[in-house]
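> got a sequence here, can you build the structure:
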Amino acid sequence: MPALSAPLTRFDARVEAATSLSIAVLHAQDGLDNAAARLRDAHRRLAQAETQSAFELVRLRLVTDRQRRVDDRLLDAIATQLEVLEDIATARDEAEQDLLDLLAEAEQQHSTATAAATAAPVAARGR
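Next up, the predicted model:
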């Protein structure tokens, strides 16, 4: 799979560090352990939500950029698009929080494992 040309989310580097896999490999790989699979799925959901929110923001700009008379029809179209954008932003925020929770858990486990691995040789030398 070719390398991704742009980050999918602002948390890509943290996801890569937590899984020791590039984002491209993470999304392409099957047979991941449960923690990595949960991180991959949460990352996918966030990337999709961010893409959708960017798309709906463009749609809002298109509605407001048209040179047309400001009337009830235009105001209704703007209000409708704002509601759509608000719903999508809420879903994106929830997806982001889910990913952050999983990242915190994975980073804590990684930190604990690193500390244990560092302590083991030191304890062995002290004997």
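> helix or strand with the lowest mean pLDDT in this protein?
Lowest by mean pLDDT, DSSP states H and E among the helices and strands of the chain is helix 72-125, with a mean of 87.
> which helices and strands sit right next to that one?
Packing partners of helix 72-125 (3 or more C-beta pairs under 8 Å, 6 or more residues apart in numbering; DSSP states H and E): helix 12-19, helix 34-65. Where you see a C-beta, it was placed from the backbone N, CA and C, and this is true even at glycine.
> so which bits of the longest one are buried?
I take that to be helix 34-65. When burial is assessed from 16 or more other C-beta atoms under 10 Å, helix 34-65 yields the following buried residues: 36, 38-40, 42-47, 49-50, 52-53, 56, 60, 63.
> hmm, back to that, just the angle between the least confident helix or strand of the chain and helix 12-19, please?
Orientation of helix 72-125 against helix 12-19 (axes from the mean of the first three to the mean of the last three C-alpha atoms, to 10 degrees) gives an angle of 40 degrees.
> now the residue most central in space within the chain: how far from L8?
By C-alpha atoms, centre = their mean, the chain has its centre lying nearest to L46, at 3.6 Å. Separation of L46 from L8 (C-beta to C-beta, to the nearest Å): 8 Å.
> do the same with H43
On the measure of C-beta to C-beta, H43 and L8 end up 7 Å apart.
> list residues touching both of these two?
I23 (C-beta atoms under 8 Å, 6 or more residues apart in numbering).
> what sits closest to the residue nearest to the centre of the chain if chain neighbours are left out?
Ranked by C-beta to C-beta, 6 or more residues apart in numbering and with sequence neighbours excluded, the top spatial neighbour of L46 is A95, at 4.3 Å.
> now swap in L8 and tell me
Per C-beta to C-beta, 6+ apart, closest to L8 is A47, 4.0 Å.
> shouldn't the one you found be in contact with R10?
No - the pair A47 and R10 fails to qualify as a contact (C-beta atoms under 8 Å) at a distance of 10.6 Å.
> excluding chain neighbours, what is closest to L99?
In space, and not counting its chain neighbours, L99 is closest to A42: 4.2 Å by C-beta to C-beta, 6+ apart.
> got a list of what that neighbour touches?
95, 98-99, 102.
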